[in-house]
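1. When you get a sec, could you give me coordinates for this:
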Amino acid sequence: MSTLTETATFAAGCFWGVQAAFGRVKGVLSTEVGYTGGHTENPGYEEVCTDTTGHAESVSLTFDPSVVSYRDLLEVFWQIHDPTTLNRQGPDVGSQYRSVIFYHSEAQKEQAEASLQEQQQSRFFRYRPIVTAIEPASTFYRAEEYHQHYLAKL
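-> Have a look, this model is predicted:
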């Protein structure tokens, strides 16, 4: 394993399931759930749920690119949610549940854009427009401890 790591941040609906999915990927060294992409500093869960902070429930992960590529992580991202529903995943509704790839470098941005185009042309999404945003990563506010690895605690 390499000593170099990278960070990736994704929003794909409720962060509990997203964290669990990425936590199973070989090469993902750590995950944490939180809020990013909005305008409110240090938001809490209750405030984010009001849909007024601009933040999305997100997962930040540290990964070893010698074991798993960013491209592979993008494939996981597309598989674990419906990127064609605006501000919604299943029964969860609001901009905090939107689909976003938050890039940490120009290389990640380019890969995310190429991946989105490939997905849009795929047989799965050819007739349904993908609404996933691709945005620069901003301050990531770690969610409350009870949200971290929530599904593993059940």
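2. contacts for the host helix or strand of A8?
-> Take DSSP states H and E as the rule and A8 turns out to sit in strand 6-12. Strand 6-12 has contacts (CB atoms under 8 Å, 6 or more residues apart in numbering) with 18, 22, 36-37, 56-63, 65, 70, 73, 77, 80-81, 83, 89, 97-102, 104, 108, 137, 140. Quick note: C-beta positions are derived from backbone N, CA and C, even for glycine.
3. Filter those residues down to the ones in strands?
-> Secondary structure defined by DSSP state E assigns 36, 56-63, 89, 99-102 of the contacts of strand 6-12 to strands.
4. ok, so of those, who is nearest V48?
-> For those, the minimum distance to V48 (CB to CB) is 6.9 Å, reached by E57.
5. which residues sit in contact with the nearest residue in space to the closest one that is not next to it in sequence?
-> Leaving out its chain neighbours, the residue that sits closest to E57 by CB to CB, 6 or more residues apart in numbering is F15, at 4.1 Å. Applying CB under 8 Å, 6+ apart, we find F15 in contact with V33, G34, E57, S58, V59, A143, H147.
6. again with I130
-> P83, T84, S99, L116, Q119, Q120.
7. what's the helix or strand for it?
-> Per DSSP H and E, I130 falls between elements, in no helix or strand.
8. Go through the contacts of I130 and flag which are in helices.
-> L116, Q119, Q120 (DSSP state H).
9. The contacts of I130, buried ones only, as a ChimeraX selection?
-> Burial among the contacts of I130 is assessed by 16 or more other CB atoms under 10 Å; the matching ChimeraX selection reads:
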select :83,84,99,116,119,120
